[in-house]
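>>> Predicted coordinates and the sequence they were generated for:
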Amino acid sequence: MAFYFDISKGDKLMSKINLRDISLRAKQWDHPAKGLFKYAESMKINGQDILKLPKKNREHYCISLVSLALMEDSKLDWWINIPAKDPPDGLIMTLIKEKDGFKSHMREIEVVEHINKSSGLFDIIKNKMVEKSYEPNMILACLLLTPDFYDLKKLSEKLLNIKSSLNHIFIVFSGIPLNNEDTTEDQLKTTFTMVQLLPKYETKTFNYKSYLEDFMKRYNDGQESRLIENNQIYFGTTNKKYNK
């Protein structure tokens with residue numbers, strides 16, 4: 001994996017969690033593309049203006065994009081849950097098959113948005129880093145909504161000097177790094193990039209179209225969600241042909 005999760009304060013941030021512990025946090029986990037479909041529906045209702053969307057919808061959108069970037073990077077399935085109450089704004093996890101059953105890696109996500117001038121991005125993230133103490137497994141995901149030129153490598157270097165319990169920080173945005181010249185104009189419409197700022201600098205660009213197709217295939221098979229209960233894993237679906 002390009003994206004990096006290290007060991008901090010004695011806690012393995014990607015440590016394996018058994019299914020019983022996962023189910024205590026959330027019993028239903030959805031394919032991240034489901035959040036993109038909800039985002040598209042909400043955009044239609046709100047005149048294609050993302051800033052008019054309810055804040056919870058934009059957070060769901062951001063968490064979905066983060067999960068898809070992790071899927072692209074790790075080649076594993078990642079699933080999301082949006083709690084009714086925050087914090088956290090969302091949960092993401094992946095399931096790993098082992099000899100004694102399934103184990104999971106799980107992360108909590110705090111979402112912040114940047115909607116003003118590019119020069120203010122550092123302060124937006126810095127304020128989040130110093131405003132309070134976070135749980136060791138929390139990551140910060142910044143949804144970048146202002147079209148502009150950003151030196152994210154320089155931003156990463158500046159953030160290294162800030163003491164914070166937030167040790168894993170990502171930015172996700174529509175578009176590509178300037179050094180990526182292989183994306184066509186048509187592909188740009190469905191292409192996103194996630195950049196890890198801390199603890200090290202990494203980038204991953206992905207096209208979400210293939211993940212929408214993957215979601216629809218799973219939906220048609222009645223398998224677009226995972227249900228976890230009593231140390232067991234089931235498939236879940238909203239497809240009516242499986243819910244008669």
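The structure has been received and is ready for your questions.
>>> hey, let's count contacts and neighbours off CA atoms from now on
OK.
>>> can you tell me which helix in this structure is longest?
helix 55-74 (DSSP state H).
>>> Any buried residues in that helix, and which?
In terms of neighbour count (16 or more other C-alpha atoms under 10 Å), helix 55-74 has its buried residues at 57-73.
>>> Could I have the CA atoms of that helix written out in PDB?
The C-alpha coordinates for helix 55-74 follow below in PDB (Å, rounded to 0.1, in the frame of the first residue of the first chain):
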ATOM      1  CA  LYS A  55     -23.400  18.900   6.000                       C
ATOM      2  CA  LYS A  56     -24.000  15.200   6.700                       C
ATOM      3  CA  ASN A  57     -24.400  14.500   3.000                       C
ATOM      4  CA  ARG A  58     -21.100  16.200   2.200                       C
ATOM      5  CA  GLU A  59     -19.400  14.300   4.900                       C
ATOM      6  CA  HIS A  60     -20.800  11.000   3.600                       C
ATOM      7  CA  TYR A  61     -19.600  12.000   0.100                       C
ATOM      8  CA  CYS A  62     -16.100  12.700   1.500                       C
ATOM      9  CA  ILE A  63     -15.900   9.400   3.400                       C
ATOM     10  CA  SER A  64     -17.100   7.500   0.300                       C
ATOM     11  CA  LEU A  65     -14.200   9.000  -1.700                       C
ATOM     12  CA  VAL A  66     -11.700   8.200   1.000                       C
ATOM     13  CA  SER A  67     -12.800   4.600   1.000                       C
ATOM     14  CA  LEU A  68     -12.700   4.300  -2.800                       C
ATOM     15  CA  ALA A  69      -9.100   5.700  -2.700                       C
ATOM     16  CA  LEU A  70      -8.200   3.000  -0.200                       C
ATOM     17  CA  MET A  71      -9.800   0.400  -2.300                       C
ATOM     18  CA  GLU A  72      -7.800   1.600  -5.300                       C
ATOM     19  CA  ASP A  73      -4.600   1.600  -3.300                       C
ATOM     20  CA  SER A  74      -5.000  -1.700  -1.300                       C
END
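>>> Please enumerate residues in contact with that helix?
For helix 55-74, the surrounding residues in contact (C-alpha atoms under 8 Å, 6 or more residues apart in numbering) are 1-3, 32-36, 38-39, 42, 50, 76-80, 82, 89-90, 92, 109, 111, 141-143, 172, 192-194, 204-206, 208, 211.
>>> can you check stretch 39-52 too?
Stretch 39-52 is touched from outside by 53, 57-58, 61, with contacts defined as C-alpha under 8 Å, 6+ apart.
>>> And for stretch 83-102?
So stretch 83-102 is contacted by 18-19, 26, 59-60, 63, 67, 76-82, 103-111 (C-alpha under 8 Å, 6+ apart).
>>> How far off centre is it?
Averaging C-alpha positions (C-alpha atoms, centre = their mean, to the nearest Å) puts stretch 83-102 12 Å from its chain's average.
>>> how far does the longest strand along the chain sit from the chain's center?
Scanning the chain for the strand with the most residues, using DSSP state E, yields strand 101-114. Chain-centre distance of strand 101-114: 7 Å, with C-alpha atoms, centre = their mean.
>>> next one: stretch 68-75
10 Å.
>>> Please apply the same query to stretch 73-82.
Counting by C-alpha atoms, centre = their mean, stretch 73-82 comes out at 8 Å from the chain centroid.
>>> what about it, start to end distance?
End-to-end distance for stretch 73-82, by C-alpha to C-alpha, to the nearest Å: 22 Å.
>>> Now do the buried residues in it.
In stretch 73-82, the ones that count as buried by 16+ other C-alpha under 10 Å are 73, 77-82.
>>> Kindly report the same for stretch 22-35.
Quick answer for stretch 22-35 (16+ other C-alpha under 10 Å): 22-23, 26-35.
>>> picking up where we left off before, any chance of TSV for the buried residues of stretch 73-82, columns secondary structure and distance to L160?
As requested, these are arranged in TSV below (DSSP: H, G, I helix; E, B strand; the rest coil; distance: C-alpha to C-alpha, whole Å):
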residue	secondary structure	distance to L160
D73	helix	23
D77	coil	30
W78	coil	28
W79	strand	30
I80	strand	29
N81	strand	30
I82	coil	29
